[in-house]
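Peer 1: Following is a predicted model, sequence given first.
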Amino acid sequence: PIPLGEAASWDLEAIELSARIGAIESSAVGINWTFAPMIDISRDARWGRVMEGAGEDPYLGSLIAKARIKGFQGEDLSADNTIAACAKHFAGYGFAESGKDYNTADVGLSTLYNVILPPFKAAVDADVKTFMNSFNELNGVPATGDAFLQREILKGKWNYQGMMVSDWGSIGEMIPHGFAADGVHASELAINAGSDMDMESHLYIKHLKDLVDSGKVKMATIDEAVKRVLRLKFELGLFDDPYKYCDEQREKDLTYHPDHTATVLDLAKKSIVLLKNTGDVLPLPKEGKKIALIGPLANDKNGPLGNWRLASDNNTAVSVLEGMQTYKGNEVSHSQGVKLVTSDTYFHAHVEINKRDRTGMKEAIEVAKSSDVVVMVLGEDGFQSGEGRSRSDIGLPGLQQELLEAVYEANKNIVLVLMSGRPLAIPWADKKIPAIVEAWQLGSQTGNAIAQVLYGDYNPSGKLPMTFPLDVGQVPIYYNYKNTGRP
């Protein structure tokens, strides 16, 4: 499941085991360092990357940060089945104004120390081996060039001994921020502020030697950064055997291991949240009923894999239709109703939402009329949340709300299954639909997990780690608000 879904389980042992499986499989294919966990606290569901974190609570976020770090790094970093974790993004990225990715964050010290920083301090306490700074500026200073964050707090007060890596190209991005004059200046600011490694700006290798020769960067600063990088490589055992993480037999044996699949299914079920169940619509009877399964995500095998799936195989998730079909006692009729995404390509590309094609609505309505109960699977495609995918409207995208209302007129006995990477604003459904289940994007075992919950073989135990707003106009909204003088 996506991390926000895992957080809904509130099961720290299961979350740690999820990260452990991630380490076991990725280490078998040559990976020794992961850019996870993302431990940004966020109160704004418009921000696409809420799917990658643990929600809005700093205490829960701190516990989950520790669990995931322990899962990735294990007890012995030199073992061939553990990998280095990376606590990101330091700091304030989740407080981007308007929920717009990469945007400015402007917070007071109380919010910084009591909301934003606790998961990062927990990561230090968990001996996380690397940190990543963030794209945003915080209170006027880009985090990549912020000595207050990196030198004074992290490496100073917290005595962090690990390595700080920039975010992708973030050293060079201090130029359009207006903080650095050019690449030379950006390199000077970043290394002096405590950014040990340059990811994808290609500026350190061009300019650091000249900066040392000119006296703008001390050799001791370079030595300190190099020590932090080399220490990690020694701890991983890469100087003893640089190919220890490359093992074709382990890769073959461990990828999609049945034990891993069983654990994925268990965590997927634990991540599901029952939002509403009036009239005891759930659990569904196991025999003798005609069930309509309607919605653009009902037979989707790709969207449930979520946003961060660069190395996954497409269409490898069990769909809800496939999961429902494993139960043989009922007659299940499927109709897509409407299409959701008409084109999608990975990462920063345009995702076109279908707002015109109603050709499947008539069939969906007819299927609903002839059924005892309707299960509607609506929400977001996996590429509608994640990095660079903020949304100003966090309702049901495309024609899904129209489809929901049309089906409701035909058959009011509806179970709404939401798949999403963020909390959604669903005021109409909240008033009208008798049963609502939040299923997030649950990964490869999505359909099996949802079917087992709908049929009552698993009692949904998840709890929301992030507030669902009644209306997008309420965000940022969060449960742990402070009392005011006029509450």
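Peer 2: That came through fine. Numbers count the residues shown, from 1 in each chain.
Peer 1: How about His260: what's its closest non-neighbour residue?
Peer 2: Leaving aside its sequence neighbours, His260 sits nearest to Ile21 (Cβ to Cβ, 6 or more residues apart in numbering; 4.8 Å). Where you see a C-beta, it was placed from the backbone N, CA and C, and this is true even at glycine.
Peer 1: residues touching the spatially most central residue of the chain, list them.
Peer 2: With the centre of the chain defined as its mean C-alpha position, the nearest residue by Cα atoms, centre = their mean is Glu52, 1.7 Å away. By Cβ atoms under 8 Å, 6 or more residues apart in numbering, the residues touching Glu52 are Ile2, Pro3, Leu4, Met38, Asp40, Asn307, Trp308, Gly386, Glu387.
Peer 1: just so I have it, where are all the strands in this structure?
Peer 2: Using DSSP state E, the strands of the chain run over residues 86-90, 130-133, 137-138, 141-142, 163-165, 273-277, 290-294, 331-335, 341-343, 352-353, 373-379, 414-419, 435-438.
Peer 1: I'd say the residue nearest to His260 and Ala262 touch.
Peer 2: No: counting by Cβ atoms under 8 Å, Ile21 does not reach Ala262; the two are 10.3 Å apart.
Peer 1: Which one of these two is surrounded by more residues?
Peer 2: Using other Cβ atoms under 10 Å, the more surrounded residue of Ile21 and Ala262 is Ile21, with 19 against 11.
Peer 1: Return the residues in contact with that one.
Peer 2: His260, Thr263, Val264.
Peer 1: Quick check, pLDDT for it.
Peer 2: What the model reports for Ile21 is a pLDDT of 97.
Peer 1: Kindly report the same for Pro487.
Peer 2: pLDDT, Pro487: 83.
Peer 1: swap in Gln384?
Peer 2: On the pLDDT scale, Gln384 gets 93.
Peer 1: just the one 10 residues further on next, same as before
Peer 2: Looking at Ile394, its pLDDT is 97.
Peer 1: What number of residues are in the vicinity of it?
Peer 2: Ile394 has 25 neighbours, counted by other Cβ under 10 Å.
Peer 1: that older thread, comparing the strands of the chain by mean pLDDT, which bottoms out?
Peer 2: For the strands of the chain, the weakest mean pLDDT is recorded on strand 341-343, namely a mean of 73.
Peer 1: from memory Ser17 sits against Gly74, does it?
Peer 2: Quick fix: residue 17 is Leu, not Ser. No: using Cβ under 8 Å, Leu17 is not in contact with Gly74; the gap is 11.6 Å.
Peer 1: quick one, helices of the stretch 301-450 of the chain?
Peer 2: 320-325, 361-369, 400-410, 427-432, 446-454 (DSSP state H, counting those that start in this stretch).
Peer 1: starting at the chain centroid, how far to the third one?
Peer 2: On the basis of Cα atoms, centre = their mean, to the nearest Å, helix 400-410 sits 29 Å off its chain's mean C-alpha point.
Peer 1: Also compute the angle for it relative to strand 414-419, please.
Peer 2: Helix 400-410 runs at 160 degrees relative to strand 414-419, counting by axes from the mean of the first three to the mean of the last three Cα atoms, to 10 degrees.
Peer 1: same question, the last one
Peer 2: For helix 446-454 against strand 414-419, the angle between stretch directions is 140 degrees (the same axes, to 10 degrees).
Peer 1: Mean pLDDT per element in the protein, and the minimum belongs to which helix or strand?
Peer 2: When each helix and strand of the chain is scored by mean pLDDT, DSSP states H and E, strand 341-343 comes last, with a mean of 73.
Peer 1: What count of nearby residues applies to Pro476?
Peer 2: 17.
Peer 1: surely it meets Ile41?
Peer 2: No: counting by Cβ under 8 Å, Pro476 stays clear of Ile41, with 11.0 Å between them.
Peer 1: all helices of the stretch 151-300 of the chain, in order?
Peer 2: For the stretch 151-300 of the chain, the helices defined by DSSP H, counting those that start in this stretch cover 183-193, 204-214, 219-236, 248-254, 258-271.
Peer 1: Report all helices and strands that the last one contacts.
Peer 2: So the one you mean is helix 258-271. helix 3-9, helix 12-28, helix 446-454 (3 or more Cβ pairs under 8 Å, 6 or more residues apart in numbering; DSSP states H and E).
Peer 1: How far does the shortest one sit from its chain's centre?
Peer 2: Here the centre of helix 3-9 is set off from its chain's centre by 9 Å, with Cα atoms, centre = their mean.
Peer 1: what does it contact?
Peer 2: 14-15, 18, 36-38, 50-55, 60-61, 64, 68, 267-268, 270-273, 421-422, 438-442, 461-466.
Peer 1: Pull the residues that contact stretch 137-150.
Peer 2: So stretch 137-150 is contacted by 89-93, 104-107, 112, 133-136, 164, 166-167, 170-171, 173-174, 177, 179-180, 186, 189-190, 192-195 (Cβ under 8 Å, 6+ apart).
Peer 1: Can you select the buried ones from those residues in ChimeraX?
Peer 2: Buried residues among those (16 or more other Cβ atoms under 10 Å), as a ChimeraX selection:
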select :89,90,91,92,93,104,105,112,133,134,135,136,164,166,167,170,171,173,174,177,179,180,186,189,190,192,193,194,195
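Peer 1: quick one: the closest residue to Pro58 other than its chain neighbours from Asp125, how far?
Peer 2: Spatial nearest neighbour of Pro58, chain neighbours left out: Pro118 (4.2 Å); criterion: Cβ to Cβ, 6+ apart. Applying Cβ to Cβ, to the nearest Å, the value for Pro118 to Asp125 is 10 Å.
Peer 1: now the spatially closest residue to Pro37 that is not a sequence neighbour: how far from Ala225?
Peer 2: Closest residue to Pro37 apart from its sequence neighbours, by Cβ to Cβ, 6+ apart: Arg68 at 4.0 Å. Computed as Cβ to Cβ, the Arg68 to Ala225 distance reads 26 Å.
Peer 1: Give me the more crowded residue out of those two.
Peer 2: Arg68 (30 against 21).
Peer 1: hang on, that one packs against Glu13?
Peer 2: No: in this structure, Arg68 is not within contact of Glu13 by Cβ under 8 Å, at 11.8 Å.
Peer 1: In CSV, list the C-alpha atoms belonging to stretch 53-71.
Peer 2: Presented in CSV, the C-alpha positions along stretch 53-71 are these (Å, rounded to 0.1, in the frame of the first residue of the first chain):
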residue,chain,number,x,y,z
GLY,A,53,3.8,10.3,4.2
ALA,A,54,2.0,9.4,7.4
GLY,A,55,-0.5,12.1,7.6
GLU,A,56,-1.0,15.1,9.9
ASP,A,57,0.0,14.0,13.3
PRO,A,58,3.7,14.5,14.4
TYR,A,59,3.5,11.8,17.1
LEU,A,60,2.2,9.1,14.8
GLY,A,61,4.5,10.3,12.1
SER,A,62,7.5,9.9,14.5
LEU,A,63,6.6,6.3,15.4
ILE,A,64,6.0,5.4,11.7
ALA,A,65,9.3,7.0,10.8
LYS,A,66,11.2,4.9,13.3
ALA,A,67,9.3,1.7,12.2
ARG,A,68,10.1,2.2,8.5
ILE,A,69,13.8,3.1,9.2
LYS,A,70,14.2,0.0,11.3
GLY,A,71,12.6,-2.1,8.6
